[in-house]
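Chemist: sequence-free structure coming up:
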């Protein structure tokens, strides 16, 4: 397939003031694209737009949980730049600390699904007619949590598996019209969202260190992700995995996932940390199983 040139294309980015969103906006803008910056922090959006230059950057405050706001943002983008070619659905949220399914606050769980799954769906719903008309491209940020075990972070993992399936369906549905869709699978990235697992929360940090071996525990920079995003869009890639060390696990997930789950169940240190998350007063019948050996597992970002 011929390279999809980004010069003079219009790209809408949700979560534009987050680590990956900001780096992506800079990289896409540097490639010649007009960038429509969506987010909830109006001052941060305005600052990023000033940095990039008003001629090819449009900051718009919009929450992905608000369909009317997204519809209005898309219409303003089309009015400003004459159309919409690409969407980078990047907005997302995660728990501020680990929690098991037995103890996580219901509002936290539902908020994550609301933003990550329904927010992605609402973004696509608003933008798809315009992207189809321009035979453009959709890229959704799913993370490697789409396929690795989400112990202590289940709502995030479930939401990322869900959006992966949205894109798989969309890719086939777009097959006859010339538009395309892809998924971004990022590992640990140095952003505000992942800071909790890199010293921000001692328990979360210990769980990351225990749950999987190097080199999967290392974090990469948002700029590295952004560079892959640009290349992925230009090649209309169905899947982008960054860093590439995750590719084999993703490709072999049908074989690897049961083995990893078994290793995590037998991982004595990880099980002890999971046990420490439980409130024994609320879970009086649970008893920790005797350790059967230690193993190394992998987890998402």
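Modeler: Great, that's in hand. Here the structure is a predicted model, which means the values were calculated and not measured.
Chemist: can we go C-alpha only for contacts and neighbour counts from here?
Modeler: Noted.
Chemist: Let me see the ranges of the helices in the stretch 101-250 of the chain.
Modeler: For the stretch 101-250 of the chain, the helices defined by DSSP state H, counting those that start in this stretch occupy 106-113, 119-133, 154-173, 202-211, 222-234, 247-251.
Chemist: Ok, which of these comes nearest residue 2?
Modeler: Ranking the helices of the stretch 101-250 of the chain by distance to residue 2, with Cα to Cα as the measure, places helix 222-234 first at 8.8 Å.
Chemist: which residues are in contact with that closest one?
Modeler: 3-6, 19-20, 23-24, 27-28, 31, 137, 139, 184, 186, 189-191, 239-240, 242-243 (Cα atoms under 8 Å, 6 or more residues apart in numbering).
Chemist: Now, of the residues you listed, which are buried?
Modeler: Neighbour-count burial within these applies to 6, 19-20, 23-24, 27-28, 137, 139, 184, 186, 189-190, 239-240, 242-243; the criterion is 16 or more other Cα atoms under 10 Å.
Chemist: Surely residue 78 is in contact with residue 86?
Modeler: No. Residue 78 is beyond contact range of residue 86, at 11.7 Å (criterion: Cα atoms under 8 Å).
Chemist: and these two? which has more neighbours close in?
Modeler: A count of neighbours by other Cα atoms under 10 Å puts residue 86 above the other of residue 78 and residue 86, at 29 against 17.
Chemist: List the beta-bridge partners for that one.
Modeler: Counting by DSSP bridges, residue 86 forms beta bridges with residue 11, residue 137.
Chemist: Pass me the low-pLDDT residue ranges in the stretch 101-250 of the chain, would you?
Modeler: Counting by pLDDT under 70, the stretch 101-250 of the chain has low-confidence residues at 212.
Chemist: can we see that at 90?
Modeler: For the stretch 101-250 of the chain, applying pLDDT under 90 flags the ranges 201-203, 207, 209-215, 217.
Chemist: nearest spatial neighbour of residue 161, skipping sequence neighbours?
Modeler: Ranked by Cα to Cα, 6 or more residues apart in numbering and with sequence neighbours excluded, the top spatial neighbour of residue 161 is residue 146, at 4.0 Å.
Chemist: give me every residue that touches the one you found.
Modeler: Residues in contact with residue 146 (Cα under 8 Å, 6+ apart) are 157-162, 164, 185.
Chemist: switch the cut-off to 7 Å
Modeler: For residue 146, the contacting residues are 157, 160-161, 164, taking Cα atoms under 7 Å, 6 or more residues apart in numbering as the criterion.
Chemist: Would you tell me which of the helices of the stretch 101-250 of the chain gets closest to residue 82?
Modeler: Distances from residue 82 to each of the helices of the stretch 101-250 of the chain were compared by Cα to Cα, and the smallest falls on helix 119-133, at 10.2 Å.
Chemist: Now do that closest one against helix 106-113, angle only.
Modeler: Calculated by axes from the mean of the first three to the mean of the last three Cα atoms, to 10 degrees, helix 119-133 forms an angle of 10 degrees with helix 106-113.
Chemist: what helices or strands is helix 119-133 leaning on?
Modeler: Here helix 119-133 is seen to pack against helix 67-81 when contacts are counted using 3 or more Cα pairs under 7 Å, 6 or more residues apart in numbering; DSSP states H and E.
Chemist: Touching the helix it packs on from outside, list them.
Modeler: Applying Cα under 7 Å, 6+ apart, the contact partners of helix 67-81 are 10, 36, 60, 62-64, 84, 122-123, 126-127.
Chemist: quick one: which two of these are the most distant?
Modeler: 10 and 63 (19.8 Å).
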